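1. next one to model:
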Amino acid sequence: MSHLISHHEIYDAALDDELFTLLPSMMAREIDIPSAVFIWLHPGDYREITAGTQAEANLDYNSFEGHDPWLAHGTPEKCGTGLFRLSDHVSAQEFEHSEMYNDFIVKNGVDRYWCIAMMQSTRDGLVATAFHKGKRGGDFTDPEMKTLGAHVQDLGRLHKIRRELHRASIQQVTASDNSLLDDAPIFELDHEGRLVRMNGMAETLIEIHPLLVLNFQRVLRARGAAQPALRRAIGRATDAGKSAAGSLDLPQMRGADGRIIPRLRLNLLPRTDGGRRVLVIVTSEEETALRDLVDAPRDRIHLTPRERDVLHGMIRGRRRDQLAHDLDLAMPTIDMHSANLRRKLGARTIAEAVAIALRFGLL
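-> This next block holds a predicted model:
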């Protein structure tokens, strides 16, 4: 029996370009068919095959995609309806007379005659997933439809999150030492929503966003009406039986330090290692909005007199024990002020906090 793809493999493809490229081939092998493709339908008229079998013909497809009688039925109305047979919309006779069949399929020798497809929506247009059989293979059977149809929801969530990451130019979230990169606010949570780790941008977001909070148990919560939705999304993403990716949108609002925080999307991506965990990757509609927010002038950030004293001491190269002696404070108090400085300045380290403070003239 052919290997059946797990939902873990589908979600792993969100951050693994090689696996994403292989996914169509893996799905085609599930029912032993020759062809499967992901086609991104950009807003407007441009279409692009982002991954698929028989790749040698994919570039040539761009010359014919506007004359594809199948893709003409890949409309937004079909999003969320599951798999559908193209033979229900385009007869075999009509298809054989099409430019697509004669000048693309026959010319390139690709084994595509019968077709089924599913449509999924993203913030950047639609994604069509198409599966093909050769002419002698006959139309798709109900059992074949059922096997591939089991992936509809997971693929939809994959494409939605992958487009968000692509928009934000996020190709990976961990460095070689397994630390979280700082290209976007990223939280890693356990199945109860308790923080495992977060990066510097996530610390800044917690510091300034009125709706996001880490409670005394280090559980990520959303204030008000957003909390039940966040709790459900975390529960689904870390379900012991079958985890599911998800997302939660937060409105634009003014931050605690006066900065305008853009509309945000919390993308919840199940992790497949380290137990029942979820990555929460925060994106915005505009690619640079979050980076601009973190890098905005810090003249509205308020440092307490004691935080300024600690910062001055660090600039002079004083160690934490020396600072404690100079300021007549306990070392845990010095650590608390240091942590507050990192959060307020969006820095991962004290050295980075000092550099940011000098850059923006906060002393």
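2. could I have stretch 157-173 exported to CSV, CA atoms only?
-> Extracted C-alpha coordinates of stretch 157-173, given in CSV (Å, rounded to 0.1, in the frame of the first residue of the first chain):
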residue,chain,number,x,y,z
ARG,A,157,-4.2,25.8,6.4
LEU,A,158,-0.8,25.1,5.0
HIS,A,159,-1.3,27.4,2.0
LYS,A,160,-2.8,30.1,4.2
ILE,A,161,0.2,30.2,6.6
ARG,A,162,2.8,29.7,3.9
ARG,A,163,1.5,32.7,2.0
GLU,A,164,1.7,34.7,5.3
LEU,A,165,5.3,33.7,5.8
HIS,A,166,6.2,34.3,2.2
ARG,A,167,4.7,37.8,2.4
ALA,A,168,6.9,38.5,5.5
SER,A,169,10.0,37.0,3.8
ILE,A,170,10.2,34.3,6.5
GLN,A,171,11.9,31.2,5.3
GLN,A,172,12.9,29.7,8.6
VAL,A,173,12.3,30.4,12.2
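3. which residues does that stretch contact?
-> 10-11, 13-15, 17, 20, 38, 120-124, 127, 180-181, 183-184, 186, 244-247, 265, 267, 269, 279, 281, 283-284, 287, 290 (C-beta atoms under 8 Å, 6 or more residues apart in numbering). C-beta: built from backbone N, CA, C; applies to glycine.
4. report the buried residues of it.
-> By 16 or more other C-beta atoms under 10 Å, the buried positions in stretch 157-173 come out as 157-168, 170, 173.
5. and the two most separated of these?
-> 159 and 173 (18.0 Å; C-beta to C-beta).
6. okay, strands next: where are they in the stretch 251-363 of the chain?
-> 253-254, 260-261, 264-270, 277-284 (DSSP state E, counting those that start in this stretch).
7. thinking again about what came up before, ok, the buried residues of stretch 157-173 vs residue 339, which is closest?
-> Nearest member of the buried residues of stretch 157-173 to residue 339, counting by C-beta to C-beta, is residue 173, at 22.9 Å.
8. count of residues packed around the closest residue to residue 60 other than its chain neighbours?
-> Closest residue in space to residue 60, ignoring its immediate chain neighbours: residue 108 at 6.0 Å, by C-beta to C-beta, 6 or more residues apart in numbering. The local packing of residue 108 (other C-beta atoms under 10 Å) involves 15 other residues.
9. ok, now how distant is residue 108 from residue 357?
-> Per C-beta to C-beta, to the nearest Å, residue 108 is found 60 Å from residue 357.
10. from the buried residues of stretch 157-173, pick the one nearest residue 318.
-> Nearest to residue 318, judged by C-beta to C-beta, of these is residue 173 at 34.7 Å.
11. relative to residue 187, how far out is the closest one?
-> In terms of C-beta to C-beta, residue 173 sits 11 Å off from residue 187.
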